[in-house]
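Undergrad: Provided below are the primary sequence and the corresponding predicted coordinates.
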Amino acid sequence: TVDGRSEASTEEGLRQRSQQVEELESLTSVFIRVFLFPLPMGRSRSRSRDRERRHRRDRRSRSRDRRSRSRDRRSRSRDRSGRHESRRPSEDADVDELRRRVRRLEEVNKQLRHENLELMRQLVAMKEGTSNGADKAVSKSEPAHPAQKAEEKPQQEEAKVDDDEQQQMAMTFNCCQLVNFTHEVFNQKIPNNVPIEHRGPTIEKKLADFCQFFAKDAMVVDANTKKPILEDLRDIRARYQTVFRESGSDLEIKTLRRWYFEADKEGALEYCIDFEHHAHIVSPRPGLRLDGALGVVGPRDVDLITLYKSSNGKIDCMWLLPDKNHIGQDKILGQTDLEESQAYQGLLEIIKEDAKKSKAAVPTKVHYYDYNKVQTIG
């Protein structure tokens, strides 16, 4: 029994000893891993430190780049502002000089227009005066002394040559020029916020300048019905006196397209087909008195197609046709498109009928002008 107990205690001691050895080995292995071989962990820490250093270097380099770019931008802006400041006085001087030149040209243009109208008025007066003088010379029946006749003969021949030259000068106005003259007078500004006693003489002068380009038997006809709207120069004068008096300074006529039918010889029949825009026009009520005493139609914008006929330096007739579709203002439509329109074909038929009635030929030379495409500078 004693031996059995000793063997059991010996086995128990050996078992405990083996357990202690195993625990010691495990602790030794842990110690070795942690304290004697720290290389993998240290390597990872060094890599992370390297990455942080690189990031810091990159951030510093990016910040330096941003600062350098901002300095470059500031320097460029300073250079640019310096260049602008150095250029600005010269540019301002050039602009001021151009504006002064434009103002001078506008004044010269206004003066030339006034002189042009005055010359036209003198030419018309000379033409009428020469015709009246010729009639008076023919009607004289007093006997004259032969010597006096011999002295007067060269003077009469000289006067006849001068009259012929003046009449030839007065006859040089073609249809296109006559229409332009009437439009220039039409666009003269007369304000309607001035008492009538102060602007009355201005209206009368404008009306006289306007009517001098019309024949005494001139008419205004409705192109659709072929019925006269204004039967003679007296009606034209009465209507346009109302228009000039009531429309004010915003009244304006603008030519958009034009076909000019040029005569083969001077003084023969000529025609113009104009696509026109009338702005801020006030006119008598249709069918009522032309002086506007029974009412007027308020200011409005109207698009018209007008056929003008002229001969011997005067406008003989005007045919009016409303441009309801505003094709004259359509910049897409060209010459061929408009010539194929119903309005143009209708006015062309009127030209043929009128030439046939006057026993004259239709002008073969036709000139087209598109004023929508005129380039302006300024």
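TA: Sure thing, it's come through.
Undergrad: in the host helix or strand of I229, which residues are buried?
TA: Element membership of I229, judged by DSSP states H and E, is strand 228-230. For strand 228-230, a neighbour-count test (16 or more other Cβ atoms under 10 Å) marks 229-230 as buried. Quick note: C-beta positions are derived from backbone N, CA and C, even for glycine.
Undergrad: specify the local secondary structure of Q16.
TA: helix (DSSP: H, G, I helix; E, B strand; the rest coil).
Undergrad: so it versus C175, what's the distance?
TA: 140 Å (Cβ to Cβ, to the nearest Å).
Undergrad: cool, P201 as well?
TA: Noted for P201: a distance of 31 Å to C175, by Cβ to Cβ.
Undergrad: lowest confidence element among the helices and strands of the protein?
TA: Each helix and strand of the chain was given a mean pLDDT (mean pLDDT, DSSP states H and E); the minimum falls on helix 146-170 at a mean of 53.
Undergrad: next structured bit after that one?
TA: helix 175-186.
Undergrad: which positions in that next one come out as buried?
TA: Buried residues in helix 175-186, counted by 16+ other Cβ under 10 Å: 175-179, 181-186.
Undergrad: same question, stretch 200-212
TA: For stretch 200-212, by 16+ other Cβ under 10 Å, it's 203, 206-207, 209-212.
Undergrad: between those, which sits nearest H277?
TA: F210 (18.5 Å; Cβ to Cβ).
Undergrad: just give me the neighbour total for S247.
TA: A count of nearby residues for S247, using other Cβ atoms under 10 Å, gives 21.
Undergrad: that one and H278 touch, don't they?
TA: No - the criterion here is Cβ atoms under 8 Å, and S247 misses it with H278 at 9.4 Å.
Undergrad: contact partners for V297?
TA: Counting by Cβ atoms under 8 Å, 6 or more residues apart in numbering, V297 makes contact with 282-286.
Undergrad: ignore the last one, L117
TA: L117 touches 181, 184-185, 209, counting by Cβ under 8 Å, 6+ apart.
Undergrad: wasn't it part of a strand?
TA: No - under three-state DSSP, L117 sits outside any strand and is assigned helix.
Undergrad: count of neighbours near the spatially closest residue to K314 that is not a sequence neighbour?
TA: Take K314 and drop its neighbours on the chain: the residue closest to it by Cβ to Cβ, 6 or more residues apart in numbering is A215, 4.1 Å away. Look at A215: counted by other Cβ under 10 Å, it has 17 neighbours.
Undergrad: A215 should be in a strand, yeah?
TA: Yes - counting by three-state DSSP, A215 falls inside a strand.
Undergrad: where's it relative to L338, distance?
TA: 29 Å.
Undergrad: element containing the nearest residue to Y308 once chain neighbours are set aside?
TA: Spatial nearest neighbour of Y308, excluding adjacent residues (Cβ to Cβ, 6+ apart): C272 at 4.3 Å. Using DSSP H and E, C272 falls within strand 270-284.
Undergrad: how distant is the next helix or strand after that strand from the center of its chain?
TA: Using DSSP H and E, the helix or strand that follows strand 270-284 in sequence is strand 296-311. Relative to the chain's own centre, strand 296-311 is displaced by 21 Å; criterion: Cα atoms, centre = their mean, to the nearest Å.
Undergrad: for stretch 308-328, same thing?
TA: With Cα atoms, centre = their mean, you get 24 Å for stretch 308-328.
Undergrad: mind listing what's buried in it?
TA: 308-311, 313-321, 323, 327-328.
Undergrad: what about it, average pLDDT?
TA: Averaged across stretch 308-328, pLDDT comes to 94.
Undergrad: of the contacts of V297, closest to L24?
TA: V282 (124.0 Å).
Undergrad: domain map for the chain?
TA: 2-57, 99-132+152-170, 177-373 (automatic domain parsing).
Undergrad: and the longest one, how far apart are its ends?
TA: This stretch, domain 177-373, spans 20 Å end to end (Cα to Cα, to the nearest Å).
Undergrad: contact partners for R15?
TA: R15 neighbours (Cβ under 8 Å, 6+ apart): none.
Undergrad: what's the distance between it and T225?
TA: R15 sits 139 Å away from T225, going by Cβ to Cβ.
Undergrad: what of K265?
TA: Distance from K265 to T225, by Cβ to Cβ: 33 Å.
Undergrad: many thanks, have a good one.
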